[in-house]
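Chemist: below are the sequence and a predicted model; questions follow.
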Amino acid sequence: MATTITELPIDADREREIAEARAELLRRAEAHGVKPITSLEDLAGDPEMTADFDVDEFLRQVREDRDRPSTRGME
């Protein structure tokens, strides 16, 4: 019977690097005026800019583009 290890040992240096990277990211975001998302309404966008946005048309265009044969060759 095989044993699977699901948790890796805690690496204090790696944990510290991750914490420092997150702190730096938050500092940079704050410096640029970026705020965290706290609700789905934060993702809604400006109603005046999105009033005429047709989601179905957008999805149709994405599907068309996805189904279009690629002009790039395999290298």
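Modeler: Structure's in. What do you need?
Chemist: how close does Gly45 get to Phe53?
Modeler: Per C-beta to C-beta, to the nearest Å, Gly45 is found 8 Å from Phe53. Where you see a C-beta, it was placed from the backbone N, CA and C, and this is true even at glycine.
Chemist: list the residues that contact both of the two?
Modeler: Counting by C-beta atoms under 8 Å, 6 or more residues apart in numbering, no residue touches both Gly45 and Phe53.
Chemist: start to end distance for stretch 36-53?
Modeler: Terminal residues of stretch 36-53 lie 25 Å apart, using C-alpha to C-alpha, to the nearest Å.
Chemist: ok, now stretch 23-43?
Modeler: 23 Å.
Chemist: just checking, next helix/strand downstream of the helix of greatest length in the chain?
Modeler: Longest helix in the chain by number of residues (criterion: DSSP state H): helix 12-31. Following helix 12-31 in sequence order, the next helix or strand is helix 47-50 (DSSP states H and E).
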